[in-house]
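Trainee: I'll drop the sequence and a predicted model, then ask my questions.
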Amino acid sequence: MKTLRFVALVCVTALMFSGCLWQPTIPSTAPTVDGDKYLAVFEDYLQYQQLTAVEKSYYGIIYTSVYDQMDTETWIEDESGTSLPGLRIPLGNANLSMPEIARLFEAFYLDNPNFFFIDRTYSLEGREVSDAQVYDTLILRYTMDAAQRAVAAKTFEQAAQNILKDCPVTDDDYLVELYLHDALLAHCTYDQTATESATRYPNAYSAYGALVEGKAVCEGYAKAMQWLLISSSIPTTVIRGYSKENQTAHMWNLVEINGEHYYLDPTWNDHDKHPQYAYFNITSTDLQRTHTIDSATTITIDCTAETDNYYHRNSTYISVYERDTIAEAIAAQIQQGATAMHLRFADGKFENGLLFLKNATLTKKMVNARLTDGTQMWSYELQTNAAQNTLSLFRTN
């Protein structure tokens, strides 16, 4: 039996696994870990649910090990022999292949944005059995020591609670999701500088960066949205993929709202002045207009529901081109006190809708004719998203 050492690097930008060799610190005894201790916490997590029964048992061991030793100073050694914060997690009698343990780590890493101190780099310890390499130990590298983790965890939880405390109390998942989405976008701004390097700007790629520092890239947005929804008992996960326009790496959410699955992209809904909703609870078909899901993604849920899509929910989905229909939809929103308007058009109707709304004089005239309470249509700035057939009007007076 031959002992092996291998390091795999999880790279969000490249969405690939690669590796190099180094020697971890190995304690003399392996503690017994109850993998079911926190099952009630993570049993509904969407990545966890995709695992096999055996993989789920190892996931539980990892979760318990990390959670129970959050405040304990544990160390590993890097390839140069330097001690670093980290945790060695024996997985019992596991005989996992590299793809299996990579899938296990990926599920755990993506399911738990609250463990923001776990680095993308991990190592494996294993054996050679009948000329096959199998692995039974996961060694995590941390970005913070125990004292730093304790402070950061408390700060992170407080930042999340600052948003969650005003969340509406309702059984309607949509209203909770809408509030959390808008609150996150009001709190966080996109950190363009951090796109240069996840190593130099690690917080921007985490829920911590989005919620505590108020700056993040797409991964930070998606993980912050994930944690806020998880904290509100709404199942969600993050999805890795690419922008179809330029093939850059991207991340967004898969959510379960009122029993149906949708895609949600908070990053692409965030604009300089106003939140938008072109990517709020969209179907798989609509997602594929602008996004490509990474081929390694294990979740293959086909999202077909439209009930809680933002535009369908607010009766601002325009399925036929008639100026009267558009004017009526706008008038209904204004009578409810709206100072912004978000419309989506069926395929083939967007261009005509855009031409109508570009003629602000005619639009205001037709809308005002439908306002019977003395309210008047306001002047507006028009923003468009042709890829998703959406138009947004923002009040300017």
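Mentor: Structure received. Residues are numbered from 1 along each chain as shown.

Trainee: hang on, I76 packs against S83?
Mentor: Yes. With contact defined as Cβ atoms under 8 Å, I76 counts as touching S83 (7.4 Å). (Each C-beta comes from the backbone N, C-alpha and C, glycine too.)

Trainee: hmm, who's touching the helix or strand where T292 lies?
Mentor: Following DSSP states H and E, one finds T292 within strand 291-293. Applying Cβ atoms under 8 Å, 6 or more residues apart in numbering, the contact partners of strand 291-293 are I239, R240, G241, Y242, S243, K244, Q247, H250, W252, Y263, D265, L287.

Trainee: drop anything exposed from the residues you listed.
Mentor: Buried members of the contacts of strand 291-293, counted by 16 or more other Cβ atoms under 10 Å: I239, R240, G241, Y242, H250, W252, Y263, D265, L287.

Trainee: before we move on, the earlier item: what pairs with the strand holding T292, parallel or antiparallel?
Mentor: strand 236-243 (antiparallel) (DSSP bridges).

Trainee: just the CA trace of the partner strand, in PDB.
Mentor: Output of strand 236-243 as PDB, limited to C-alpha atoms (Å, rounded to 0.1, in the frame of the first residue of the first chain):
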ATOM      1  CA  THR A 236     -31.000  27.900  -3.500                       C
ATOM      2  CA  THR A 237     -27.500  27.300  -4.800                       C
ATOM      3  CA  VAL A 238     -24.900  29.000  -7.000                       C
ATOM      4  CA  ILE A 239     -24.400  28.000 -10.600                       C
ATOM      5  CA  ARG A 240     -21.100  28.300 -12.500                       C
ATOM      6  CA  GLY A 241     -20.900  29.100 -16.100                       C
ATOM      7  CA  TYR A 242     -20.100  31.800 -18.700                       C
ATOM      8  CA  SER A 243     -21.400  34.900 -20.300                       C
END
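
Trainee: quick one: buried residues of the next helix or strand after it?
Mentor: Beyond strand 236-243 on the C-terminal side, the first helix or strand identified by DSSP H and E is strand 249-257. Neighbour counts over strand 249-257 (16+ other Cβ under 10 Å) mark A249, H250, M251, W252, N253, L254, V255, E256, I257 as buried.

Trainee: let me have these in a markdown table, adding distance to A210 as columns.
Mentor: Shown next, in a markdown table, are those (distance: Cβ to Cβ, whole Å):
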| residue | distance to A210 |
| --- | --- |
| A249 | 17 |
| H250 | 15 |
| M251 | 12 |
| W252 | 14 |
| N253 | 13 |
| L254 | 18 |
| V255 | 17 |
| E256 | 21 |
| I257 | 21 |
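
Trainee: list just the nearest of these to K37.
Mentor: E256 (25.1 Å; Cβ to Cβ).

Trainee: report the contact partners of that closest one.
Mentor: L46, D173, I234, P235, T236, Y262.

Trainee: looking at those residues, spot the one nearest N203.
Mentor: Closest to N203, out of all of the contacts of E256 and judged by Cβ to Cβ, is T236, at 21.1 Å.

Trainee: and the next element down the chain from the longest helix along the chain?
Mentor: Taking DSSP state H as the assignment, the helix of the chain that covers the most residues is helix 146-164. Next in sequence after helix 146-164, counting helices and strands by DSSP H and E, comes helix 173-187.

Trainee: show me what secondary structure element comes after that following helix.
Mentor: Helix 173-187 is succeeded, C-terminally, by strand 189-190 (DSSP H and E).

Trainee: separation between M341 and I330?
Mentor: 6 Å (Cβ to Cβ, to the nearest Å).

Trainee: kindly report the same for D34.
Mentor: 58 Å.

Trainee: so for those two, which sits in the more crowded spot?
Mentor: Neighbours were counted for D34 and for I330 using other Cβ atoms under 10 Å; I330 has more, 24 against 11.

Trainee: checking the residue lying closest to the more buried one once chain neighbours are set aside next. Helix, strand or coil?
Mentor: Of all residues not flanking I330 in the chain, V367 sits nearest, at 5.0 Å (Cβ to Cβ, 6 or more residues apart in numbering). Recorded secondary structure, V367: helix (DSSP: H, G, I helix; E, B strand; the rest coil).

Trainee: where's G374, which helix or strand?
Mentor: Going by DSSP H and E, G374 is not part of any helix or strand.

Trainee: quick one, phi psi at it?
Mentor: Main-chain torsions, G374, degrees, to the nearest 10: phi 90, psi -10.

Trainee: quick thing: my sequence starts at 13, can you match it?
Mentor: That works, and once the first residue is 13, the last one we named lands at G386.

Trainee: do you know how far it is from M353?
Mentor: Counting by Cβ to Cβ, the gap from G386 to M353 is 19 Å.

Trainee: follow-up on the earlier one: how about the buried ones among the contacts of strand 303-305, which pair is most distant?
Mentor: Y254 and Y275 (14.1 Å).

Trainee: now do stretch 263-282: distance from first to last residue.
Mentor: 14 Å (Cα to Cα, to the nearest Å).

Trainee: any idea which residue is closest to the centre of this protein?
Mentor: A234 (2.4 Å; Cα atoms, centre = their mean).

Trainee: list the contacts for that residue?
Mentor: A234 is in contact with V250, I251, M263, W264, N265, D277, P278, T279, counting by Cβ under 8 Å, 6+ apart.

Trainee: quick check: beta-bridge partners of the first one?
Mentor: Going back to what we said before, that points to V250. Beta bridges link V250 to N265, judged by DSSP bridges.
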